[in-house]
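Participant: my questions concern the predicted model and sequence given below.
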Amino acid sequence: MREINVETVTEAVRTLCIDANHKLSPDMEKALCDACDKEEAPLGKQILGQLQENLKIAGEDMIPICQDTGMAVFFVEVGQDVHFTGGSLTDAINEGVRRGYTEGYLRKSVVSDPLIRKNTGDNTPAVIHYNIVPGDKVTITIAPKGFGSENMSRVFMLKPADGEDGVKRAIIQAVKDAGPNACPPMVVGVGIGGTFEKCAQMAKEALTRQVGQHSDIPYVADMEKELLDSINKTGIGPGGLGGTVTALAVNINTYPTHIAGLPVAVNICCHVNRHASVVL
Amino acid sequence: MDREVTAPISREAAAELNAGDMVYISGTIYTARDAAHKRMDEALIAGETLPLDVKGNIIYYMGPSPAREGRPIGSAGPTTASRMDKYAPRLLDMGLGGMVGKGKRSQEVIDAIVRNGSVYFAAIGGAGALLSKAIVASEVIAYDDLGTEAIRKLTVERFPAIVVIDSKGNNLYETAVKEYNKEE
């Protein structure tokens, strides 16, 4: 049994919050750079150029890439041979968020109650998804999620008879409805199968996959490529102001489902698709 | 075409702008987003005066990240404008000069823009670091308790934006997307 003091977790989370909000992962940086070359619309190209400049300023001057530094979403893989000491793991993660968002000059965007709406002042609590895995390591992935694109995300409870075509139509409809609101070029996370909540969680986790890396399932990988192509034909373009690059990637995760159902979730992320991981 | 815009903005100046124009805004603008709009609406219902005179002024739908020492503001990009659609027509009818945000507007807002000769600009969503460079001063003037959602008076110098809905009701989001649509 390996022991990990939760203070280690807090410090790691603090650093992840600050890093993820100031610097995109190399795959996202490359995808935005490639998009600039590919875009056919002059205004779209200009916007993509400004997004490159924005990333440069964010990194050099330590100004968050986007003022919406998100609700802090975590995917935590806990090795079953790990024993945490010094307190609660969840409290430790929230303490890391508190320190990261306060000491890192990040925006506090969380309200304590969805209807009373008083800001908690430190961006806690986080949304944490735990997964127990074999081994004695802990992998923490942060994906701070802005709500411009979160608000445009959807869950569709399709019928088995809707099939692959129905799934594709639903995804493209969600992207079209999102349009300029989701700050395109976007990354489209999709969960197909499971249950109502499982597909939504898969869609969220799909956003943390590297851009350009496709599903291991051949037909799913083909769907990802075909959907990206279809989405880029909608004309929405950078900033929703017209163009040929509307999405940078479509990442689909799947899971077995019930004989009566075909759940599909579409979690849309803007071009500031932030994710960072650490292994303890 | 590229144009220089001075804020506050007159009806005459707004009438000159066309959907698709790239503009650089200089002068004084005000920030307000969800919570500030709700409070302003409640103030109007209660018959109270607003903390800013909306006439001719431009409201920027934005809630910044905190400023580091020695800087006027943190990251400062636009938020989704449609969440303010419920409140915007009333402010437009009171003479609001223009709005800066991102994303679609409702037909009610578009009608109010045309009725009042106003204008809706989009700033580039997710470019908060870049846009912060065009803000040279920032001061909270109302609703301080709302934190990032407080009303701020900003001094801007050549703040870049694009005219999306002009005073004639032309909507760049619709025309530009059609132009690049390649669906069969």
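Facilitator: That came through, no problem.
Participant: where does the chain dip in pLDDT?
Facilitator: Since you didn't name a chain, this refers to chain A. When the per-residue scores of chain A are filtered using pLDDT under 70, no range remains.
Participant: oops, wrong one, chain B.
Facilitator: Judged by pLDDT under 70, chain B has no weakly predicted residues.
Participant: check it for the residue nearest chain A and tell me.
Facilitator: For chain B, the residue closest to chain A is B:A176, as judged by C-beta to the nearest C-beta, at 2.9 Å. From N, CA and C alone the C-beta is placed, and that goes for glycine too.
Participant: ok, that residue to B:P160 distance?
Facilitator: Applying C-beta to C-beta, to the nearest Å, one obtains 17 Å for the distance of B:A176 from B:P160.
Participant: comparing these two, which residue is more hemmed in?
Facilitator: A side-by-side neighbour count of B:A176 and B:P160, using other C-beta atoms under 10 Å in any protein chain shown, places B:A176 first with 26 against 20.
Participant: what sits against A:I4?
Facilitator: Residues near A:I4 by C-beta atoms under 8 Å, 6 or more residues apart in numbering or on different chains: A:V82, A:H83, A:F84, A:T85, A:V138, A:L280.
Participant: surely B:Y173 meets A:G179?
Facilitator: Yes: counting by C-beta atoms under 8 Å, B:Y173 touches A:G179, with 6.9 Å between them.
Participant: shared neighbours, those two?
Facilitator: Common contacts of B:Y173 and A:G179 (C-beta under 8 Å, 6+ apart): A:G240, B:K104.
Participant: those two - which one has more neighbours?
Facilitator: Neighbours per residue, other C-beta under 10 Å: of B:Y173 and A:G179, the larger number sits with B:Y173, 23 against 20.
Participant: how would you label that one: helix, strand or coil?
Facilitator: Following DSSP: H, G, I helix; E, B strand; the rest coil, B:Y173 is assigned to helix.
Participant: ranges for the helices of the chain?
Facilitator: You didn't pick a chain, so chain A it is. Secondary structure of chain A by DSSP state H: the helices cover A:6-22, A:26-38, A:42-61, A:89-103, A:147-150, A:163-178, A:196-206, A:218-231.
Participant: hmm, I had chain B in mind actually
Facilitator: For chain B, applying DSSP H gives helices covering B:11-15, B:34-45, B:88-93, B:107-116, B:128-132, B:172-180.
Participant: which of the ones you listed sits closest to A:G100?
Facilitator: helix B:128-132 (17.6 Å; C-beta to C-beta).
Participant: pull the CA atoms of the closest one into PDB?
Facilitator: Output for helix B:128-132, consisting of C-alpha atoms alone and laid out as PDB, is shown next (Å, rounded to 0.1, in the frame of the first residue of the first chain):
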ATOM      1  CA  GLY B 128      -9.100  37.700 -23.600                       C
ATOM      2  CA  ALA B 129      -5.400  38.100 -23.200                       C
ATOM      3  CA  LEU B 130      -5.100  39.900 -26.600                       C
ATOM      4  CA  LEU B 131      -8.200  42.100 -26.000                       C
ATOM      5  CA  SER B 132      -7.000  43.100 -22.500                       C
END
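Participant: so can I have a markdown table of the helices of chain B showing distance to A:S149?
Facilitator: Formatted as a markdown table, the entries for these read as follows, by distance: least, C-beta to C-beta, whole Å:
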| stretch | distance to A:S149 |
| --- | --- |
| helix B:11-15 | 30 |
| helix B:34-45 | 16 |
| helix B:88-93 | 22 |
| helix B:107-116 | 21 |
| helix B:128-132 | 14 |
| helix B:172-180 | 16 |
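Participant: and those, which is most packed in?
Facilitator: Sort the helices of chain B by mean neighbour count, taking mean count of other C-beta atoms under 10 Å in any protein chain shown, and helix B:128-132 sits at the top with a mean of 28.
Participant: is chain A contacted by it?
Facilitator: Yes: with C-beta under 8 Å from any C-beta of the partner chain as the threshold, helix B:128-132 lies in contact with chain A, specifically through B:G128, B:A129, B:L130, B:S132.
Participant: any chance of those in JSON lines, plus distance to A:V187?
Facilitator: Conversion of those to JSON lines gives the following (distance: C-beta to C-beta, whole Å):
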{"residue": "B:G128", "distance to A:V187": "18"}
{"residue": "B:A129", "distance to A:V187": "19"}
{"residue": "B:L130", "distance to A:V187": "20"}
{"residue": "B:S132", "distance to A:V187": "24"}
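Participant: which bits of the stretch 1-150 of chain A sit near chain B?
Facilitator: Within reach of chain B by C-beta under 8 Å from any C-beta, the stretch 1-150 of chain A has these residues: A:40-41, A:43-44, A:47, A:50-51, A:53-55, A:57-58, A:61-69, A:105-109, A:117, A:119, A:121, A:146, A:148.
Participant: make a ChimeraX selection of the buried ones in these.
Facilitator: In ChimeraX, this line selects whichever of the residues of the stretch 1-150 of chain A next to chain B come out buried by 16 or more other C-beta atoms under 10 Å in any protein chain shown:
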select /A:41,43,44,47,50,51,54,55,57,58,62,63,64,65,66,67,68,69,105,106,107,108,109,119,146,148
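Participant: for residue 29, which non-adjacent residue is spatially closest?
Facilitator: Since no chain was named, I'll use chain A. Among residues not flanking A:E29 along the chain, A:L55 sits closest, at 6.7 Å (C-beta to C-beta, 6 or more residues apart in numbering or on different chains).
Participant: ah, no, chain B please
Facilitator: In space, not counting the residues next to it along the chain, B:I29 is nearest to B:I58; the distance is 4.4 Å by C-beta to C-beta, 6+ apart.
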